[in-house]
Structures are given as structure tokens and as C-alpha cells.
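>>> Any chance you can model this:
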Amino acid sequence: MTEPDRLSHFAAIRVRAEAEMHAIGITADFIPLLVETFYGRVRAHPELGPVFDGRLQGRWPEHMETMKRFWSAVAFKDGGYGGKPVMAHQGVQGISPPLFETWLGLFSATLDDIAPSPEAKAWFMATAERIAKSLVLSLFYNPADDDPMKNRA
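All right, here's what the predicted structure looks like:
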């Protein structure tokens, strides 16, 4: 693929993503609202707050900007995020698979309050669930746990 073809391909992806978001009531202005509302609730949460504060103490403004770029890139395919989420979550003190369920519950409640449509909530929840599953598998999965010989009597 030539460079002009590649650029045209990515431009078409962005146009489709923008149209998809527009159809469910999502504009670029929704991303900061989502991130600020959700992470404000995370910081106040009795289980999630200490885990996030332990990792982000003194760096919350940078994290908020990163999350805005991340969610904008996910929703609008704008290429604004180039981080490595798995690496960012490795070694976080207190992180565990059940906290991802707590995170998803708080995310869902946030979307209940601010999503512009049921379709927007469904899209963001499906996306968040895929991200959470991917992180849990990447951070905690051990193939030895699936060893059929392990649990034989």
C-alpha cells in the first residue's frame, strides 16, 4: 500500500468512526465529560481510589489527559493515543481481577448518568468490557491454571 493509499485508508476509518459516534449521540465534547466524571468517582471510591492514588499520586493531571486521548482514539479512531495499557498496569499495587469488575460497575453507573443515549452506553460498555478482559488476561492469566493434569486425583 502506497503512503497516499494508507493515509486515505486511515482517513476513511476516522470518517466512519465519527459517523458511528454521531449516530449514537457522541461528540468530541463527551470524552472529557466521561473521563472527568468517571475518574472523579474512581478517586472517591473506597476500593478503587487507593489503588489509583497509589499509582498516580502527583500525576493525576497527566493521567486524565492520557485517558482523554485514549478514549478519543478508541471512539473516533483519531490516532491520538500511542501508549501501552498492559505495561501501564503491570506492577500496580493492590490491583486484582475483582477490581476490574468494580471498575466496570462504576463505569456503567457513570454512563447511566451521562451517556446521551442507550446506544452510547452500550457501545462504551462493550468497549470497556473488552478492554478489561484483555487487561485481566494479560496481567493475571497463567496457562498452567488450565493444565488438565493439574486437578487429577
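
>>> could you check the distance from the most centrally placed residue in the chain over to residue 96?
Most central in the chain under Cα atoms, centre = their mean is residue 128, positioned 5.1 Å from the mean C-alpha point. Distance of residue 128 to residue 96, computed by Cβ to Cβ, to the nearest Å: 18 Å. Where you see a C-beta, it was placed from the backbone N, CA and C, and this is true even at glycine.

>>> and the closest residue in space to residue 90 that isn't next to it in sequence, how far is that from residue 87?
Leaving aside its chain neighbours, residue 90 sits nearest to residue 139 (6.6 Å; criterion: Cβ to Cβ, 6 or more residues apart in numbering). The gap separating residue 139 from residue 87 is 10 Å, by Cβ to Cβ.

>>> neighbour-wise, which of those two wins?
Taking other Cβ atoms under 10 Å, residue 139 and residue 87 do not tie; residue 139 has more neighbours (16 against 9).

>>> and that one, how far is that from residue 60?
Here the distance between residue 139 and residue 60 works out to 22 Å (Cβ to Cβ).

>>> How about residue 136?
24 Å.

>>> more crowded one of those two?
residue 136 (18 against 13).

>>> which outside residues touch stretch 125-132?
Among residues not part of stretch 125-132, those counted as contacts by Cβ atoms under 8 Å, 6 or more residues apart in numbering are 74, 75, 85, 100, 101, 103, 104, 107, 108, 111.
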